[in-house]
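Engineer: Fold the following, please.
(one chain, ligands or ions: 1)
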Amino acid sequence: MRPETLSSRISTERLVLEPVRSDFAQSLFDYINDWEVMRWLASPPWPFALADMHQWIARSCAARDARRDADFAITLHGAPIGVIGLVGLGMGPVLGYWLARPFWGRGYMSEAAETLLAQTFADGQSFVASGVLEGNAASLRIQEKLGFRIVNERYIHARPHGRPMPHVDTVLGRGQWCEVRVSSPKSF
Ligand SMILES: CC(C)(COP(=O)(O)OP(=O)(O)OC[C@H]1O[C@@H](n2cnc3c(N)ncnc32)[C@H](O)[C@@H]1OP(=O)(O)O)[C@@H](O)C(=O)NCCC(=O)NCCS
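Structural biologist: Residues are numbered from 1 along each chain as shown. Take a look at the predicted model:
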């Protein structure tokens, strides 16, 4: 990902992806502090405190400055409603995301992910990895629509659960990305 993209706002049809920053902490905390969101994530602690959100944002900003990670707040009418990001940019980026529960089911994450991936592949990336905890049908559906393919199944340590959980690894290459866009350009 080019340095300009890392620190730029990215607009989608209905949303703006904004590099995460500390004044988003309270809103993002209020939304992620929900077991129905948290139970599908691998990394955050549970219970989750506002201080954890501040720490995550500080780490994310440092990783952005080091060009390792690119985390964006998904904003709707100027207010943050979730997060989408790519971590491990130098080594093989991994896509992750979550959306506040009141906004589920309106195609927002499909839209955010498609736009971020378009930018990522336009910047020259060859592959993006992702995945879901077993049973996360909505997230797997989003990835399948984007062209991700399942490449592995394994256990990962899911921190909110405090134990290993079955996980499906997925990957999307630039060739498949282009193929899906050509065959169904208006898939979202
Ligand atoms: C998963 C999540 C990001 C989805 O966000 P969203 O904005 O509601 O997703 P979208 O509306 O863009 O797309 C969801 C798709 O899954 C489908 N879907 C929803 N629930 C489903 C289910 N139980 N089974 C199968 N498909 C389902 C929707 O119909 C839609 O597909 P379509 O466009 O073909 O109709 C959101 O629910 C979330 O943040 N969940 C908690 C955290 C999480 O799971 N993060 C991802 C970790 S891998």
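
Engineer: so where's this protein shaky on pLDDT?
Structural biologist: Residues of the chain that meet the criterion pLDDT under 70 lie in 185-188.

Engineer: Contact residues of it facing the ligand?
Structural biologist: On the criterion CB under 6 Å from any ligand atom, the ligand has as its neighbours in the chain the residues 37, 40-41, 97-99, 104-110, 132, 136-139, 141-142. C-betas here are computed from N, CA, C, even on glycine.

Engineer: make it 5 Å
Structural biologist: Those residues of the chain that sit near the ligand, judged by CB under 5 Å from any ligand atom, are 37, 40, 98-99, 104-105, 107-110, 132, 137-139, 141-142.

Engineer: Please enumerate the helices of this protein.
Structural biologist: All helices of the chain, identified by DSSP state H, fall at 3-6, 25-32, 35-38, 50-65, 108-122, 137-146, 174-183.

Engineer: List the contacts of the longest one.
Structural biologist: In this case it means helix 50-65. Taking contacts as CB atoms under 8 Å, 6 or more residues apart in numbering, the residues outside helix 50-65 that touch it are 6-7, 19-22, 24-26, 28-29, 32, 44-45, 69-71, 85, 87.
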